[in-house]
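Visitor: Mind looking at a prediction? Sequence and model below.
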Amino acid sequence: MDAATPLAIEIVALTKRYAIGIAPAVDQIDLRIASGSYCCLLGPSGCGKSTTLRMIAGHESVTQGDILLENRNITRLPAAARGTAMMFQSFALFPHLSALDNVAFSLKMKGVARAERQRRSAELLERVAMGHLAQRKPAELSGGQQQRVALARALITEPRVLLLDEPLSALDPFLRVQMRAELRRWQKELGLTFIHVTHSQEEAMALADTMVVMNHGLIEQVGSPHQVYNHPSCEFVARFMGGHNVLQTADGPIAVRHDHMQIASASASGEPPGLPARITDIEYQGTYALLGLALDDAPPAMRAVSVLLPESRFLSQPFELGQAVRLSWDPAQARALGPGAQRPAPRPPQSASLKLRRDALAA
Ligand code: ADP
Ligand code: MG
C-alpha cells in the first residue's frame, strides 16, 4: 500500500488494558487499512482480535491511542456516530421479527418514521436480492438468506466500514465455504471496507486483501495472503499459518513449506544428501499425500517435520512407516525467520504523526 492509497481506518498506538497488573489485551498497535479493501484480523483465541474490532466499533473503551476513520478521529465517538456497523456471529437476527423488520430495527431505534424505515429497508433487501422474502422470519430462511438479511441490517446505517466478528464460525463447514464466497462478492460489489475477525487461516486466506496476524495483543505481520504465506515473518506466523516446517540451521531458524521439501530413500545405493529422518505417519489426502517424519538429530521441539507429496510422486515411489529417509530443500525456498514482534516500550499517549495531522486539520 503506497502513501497515496486512501485509508478507511488508521490505528495509532492503540491499547486496551482491561485491568491493572495484567498484560494489555491490545498493546500499542499501529495499523492502516486501505479504503475498499477486505481486511482480516487473524490469530489464535485470546490474541486481541475482538477487542480491537470492538474498539473500532465503539463497543469497548480505548485505554490509549487513536482510531481514525477516513481521517476523522472517532476514538471517543459513540458507536452510532462513527460510520461503522457490526455483523455478529451467526448473524444474530431477531427470531420474532420479519426480515424487513430486522433490517429496519436500527432506524426504529433512531426514531425514523415507520413508512420511511420500511421503504429504506425494502430497498436494501432488494439490493441483496432478498426483496421477495421480506416478510419471512429468520427461521424460514436458509443460512445464505439469513446472511443477506444480516448484511442489509448492517448496511441500513450507511456505514463506511463493516465490522464482522467471526460471522461464519458457528456454521457447518459446507455452508461456511459458501457464505464466505458470498461475503467476498458483496464486499467487492458494494466497494465497502470490511474488517473481518477470524481464527481460521483458511478463511482469512480465502477472503482477505490484507491479513493482519496477531499474537498476545501485538501485530506479528501485515500483508497479502500470498506475502504472509510465502514469507512468514517469524516462527509464530510460520507455525500458525501451517503448511511450513520450522528448521534450525547454523544461520538461525528458517521456514520451508511442506510441499517444498525433498525426500529421498536412504536405502538407495550411496547415501543421498540431506538430514536423516524416519517416517512416522502417512496420510493419503487425494491430490497429495502428507508424510509425518521425525528428524534423527534435532531437539525434541524441532523434531517433527511434514512433507507434502503430489499423489503421482507418492504412488510412483511409495514410502513405508518406519522407513529411514533423507530430507533436503532448495535453499532458495527457505525463508529466514525473524524474532517476532517485541512488546513495545510505553509511548506517550499521543503519537507525533497524529499530532501533526491534527494540527494540520485544525489549521
Ligand atoms: P480474541 O477475539 O482474539 O479471541 P479477545 O479480544 O476477545 O481475543 O481477548 C483478548 C484478551 O482480553 C483475552 O486475554 C481475554 O481474556 C481478555 N478479555 C476480553 N474481553 C475482556 C473483558 N471484557 N474483560 C476482561 N478481559 C477481557
Ligand atoms: Mg474474539
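Guide: Nice, I can see it. Residues are numbered from 1 along each chain as shown. Ligands and ions are numbered 1, 2, ... in the order given.
Visitor: hey, let's count contacts and neighbours off CA atoms from now on
Guide: OK.
Visitor: Contact residues of the protein facing ligand 1?
Guide: Y18, A25, S45, G46, C47, G48, K49, S50, T51 (CA under 6 Å from any ligand atom).
Visitor: rerun that using 8 Å as the cut-off
Guide: Applying CA under 8 Å from any ligand atom, we find that the chain lies next to ligand 1 at 18-19, 24-26, 42-52, 197, 199, 214, 216-217.
Visitor: now those: which count as buried?
Guide: Among the residues of the chain next to ligand 1, the ones that count as buried by 16 or more other CA atoms under 10 Å are 24-26, 42-44, 47-52, 197, 199, 214, 216-217.
Visitor: Inside strands: which ones of the residues you listed?
Guide: If you go by DSSP state E, those have V26, L42, V197, M214 in strands.
Visitor: just those residues now: which is nearest R153?
Guide: Nearest to R153 among these, counting by CA to CA, is V197 at 18.8 Å.
Visitor: Hmm, that closest one is touching S45, no?
Guide: No: using CA atoms under 8 Å, V197 is not in contact with S45; the gap is 10.8 Å.
Visitor: ok, back up a step: what about the residues of the chain next to ligand 1, which are in helices?
Guide: Counting by DSSP state H, those place K49, S50, T51, T52 in helices.
Visitor: Export those to a markdown table and append columns for pLDDT.
Guide: Output for these, formatted as a markdown table (pLDDT from 0 to 100):
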| residue | pLDDT |
| --- | --- |
| K49 | 98 |
| S50 | 97 |
| T51 | 98 |
| T52 | 98 |
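Visitor: and which of these is nearest to R114?
Guide: S50 (33.9 Å).
Visitor: give the contact list for the closest one.
Guide: S50 sits next to D165, V197 when contact means CA atoms under 8 Å, 6 or more residues apart in numbering.
Visitor: Roughly how far does G131 sit from A324?
Guide: Distance, G131 to A324, using CA to CA, to the nearest Å: 64 Å.
Visitor: brain fart, Q333
Guide: Distance, Q333 to A324, by CA to CA: 24 Å.
Visitor: Between the two, tell me which one has more neighbours.
Guide: A324 (20 against 15; other CA atoms under 10 Å).
Visitor: Now that one: closest residue in space that isn't a chain neighbour?
Guide: Nearest residue to A324 in three dimensions, chain neighbours excluded: R278, at 4.6 Å (CA to CA, 6 or more residues apart in numbering).
Visitor: doesn't that neighbour fall inside a strand?
Guide: Yes: remark: R278 belongs to a strand, assigned using DSSP: H, G, I helix; E, B strand; the rest coil.
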